[in-house]
Structures are given as structure tokens and as C-alpha cells.
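Asks: let me see the structure of the following:
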Amino acid sequence: MKVENLGSLGEFDTDEGITLYGTPIEAGFPSPVDDHIEESLNLNTYLVRNRAATFFLRASGSSMIDAGIHDGDLLIVDRSIQAGNNRIVIAALEGELTVKRLVRRKNGVFLVPANPSFPEIDITENEYVYIWGVVTYVIHRV
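Replies: Purely as a prediction, here's the structure:
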């Protein structure tokens with residue numbers, strides 16, 4: 001799965017908020033919510049922990065589908081988070097950006113897709129792999 005760099009904060013770079021309803025929404029019968037407006041919601045408050053280290057990317061492909069990352073999803077990436085074992089990361093590999101799970105095993109370090117149709121990538125001795133950051137949120141259309 002490749003990713004396209006959208007830069008930092010992009011479409012969420014605003015101080016204005018969107019209405020947040022204070023009542024949780026039931027996944028069953030509808031409930032009137034007009035009287036339950038609680039506050040304004042700024043997505044940066046919920047999705048961006050470190051503004052200076054956060055950037056957005058657009059996913060392309062299906063190698064991470066089983067991790068809930070779909071073609072066209074918006075990925076929020078934080079460069080300040082440690083790229084530890086089992087984290088989903090953005091890696092620069094052979095001049096291309098990719099999103100994969102970083103997995104450390106006794107026999108090496110791998111970029112692992114979340115789709116059995118794609119191979120794992122052994123990066124143990126690859127000196128040309130750079131981890132850009134850790135994916136913190138995925139936004140996709142339903």
C-alpha cells in the first residue's frame with residue numbers, strides 16, 4: 001500500500017469547530033438530539049497530539065485492509081511517537097512511501113502487510129529504510 005504525502009495538518013488546520021452533540025448516538029432506534037448540543041468540536045483536539053510533528057497522508061491500495069486501512073483513507077501520522085514493535089508506520093523504502101506494521105522478531109525486523117495476498121518485507125539489513133512516523137488515526141468514508 002503506497003501513501004501520498006498531503007503535508008501537515010491540511011484540511012483540519014482551523015481553529016473553528018464543528019457541532020458536537022453531548023448525547024451518544026444509539027445504533028438502534030433514532031432519538032431526537034436537537035436539545036443535546038454540548039459544545040463545538042475541533043478535530044485537531046481529538047486527532048492531533050503533537051501539532052509540529054503531525055502530517056497527513058492518503059492511502060492507496062489494499063495491503064493494509066485487515067488493519068482497517070482502505071484505499072483512499074486519510075492517515076494521521078505522528079513523527080514524535082516511537083516506532084515500536086507492532087506499530088503501524090509510514091516507511092520510505094526504495095524511494096517510495098508505504099504503510100505497514102513494523103514487526104521485530106528474533107530473526108529480524110519486518111514491514112508486515114495486513115493482507116495475506118502481500119509479502120512481508122525484511123528490512124533487517126536494509127540501510128535505505130527510513131521510518132517517517134507512526135499512524136495514529138485512520139479516517140475513511142462509510
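
Asks: ok, which stretches of this protein are helices?
Replies: Shown for the chain, the helices assigned by DSSP state H span residues 43-47.

Asks: name the helix or strand of it that has the lowest mean pLDDT.
Replies: One helix or strand of the chain scores below all others by mean pLDDT, DSSP states H and E: strand 18-21, with a mean of 50.

Asks: strands of this protein, residue ranges please.
Replies: Taking DSSP state E, the strands of the chain run over residues 2-7, 18-21, 37-41, 54-60, 74-78, 88-93, 96-105, 108-112, 121-122, 129-139.

Asks: in CSV: those, plus distance to Asp66 and mean neighbour count.
Replies: For every residue, glycine as well, the C-beta is placed using N, CA and C. Below are these laid out as CSV (distance: least, C-beta to C-beta, whole Å; neighbours: other C-beta atoms under 10 Å):
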stretch, distance to Asp66, mean neighbour count
strand 2-7, 17, 14
strand 18-21, 31, 11
strand 37-41, 30, 11
strand 54-60, 13, 20
strand 74-78, 16, 21
strand 88-93, 11, 19
strand 96-105, 10, 18
strand 108-112, 11, 17
strand 121-122, 16, 15
strand 129-139, 13, 17
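
Asks: how about the nearest residue to Asn50, chain neighbours excluded?
Replies: Ser80 (4.6 Å; C-beta to C-beta, 6 or more residues apart in numbering).

Asks: do I have it right that the one you found meets Ala53?
Replies: Yes. Applying C-beta atoms under 8 Å, one finds Ser80 in contact with Ala53, separated by 3.9 Å.

Asks: domain map for this structure?
Replies: Domain ranges of the chain: 2-7+51-139, 11-47, per automatic domain parsing.

Asks: worst average pLDDT in the ones you listed?
Replies: Lowest mean pLDDT within the domains of the chain: domain 11-47, a mean of 60.

Asks: ok, back up a step: of Ser80 and Ala53, which one has the most company?
Replies: A direct count of neighbours by other C-beta atoms under 10 Å for Ser80 and Ala53 places Ala53 higher, at 14 against 11.

Asks: thought the more buried one was touching Val134?
Replies: No. Using C-beta under 8 Å, Ala53 makes no contact with Val134, being 10.0 Å away.
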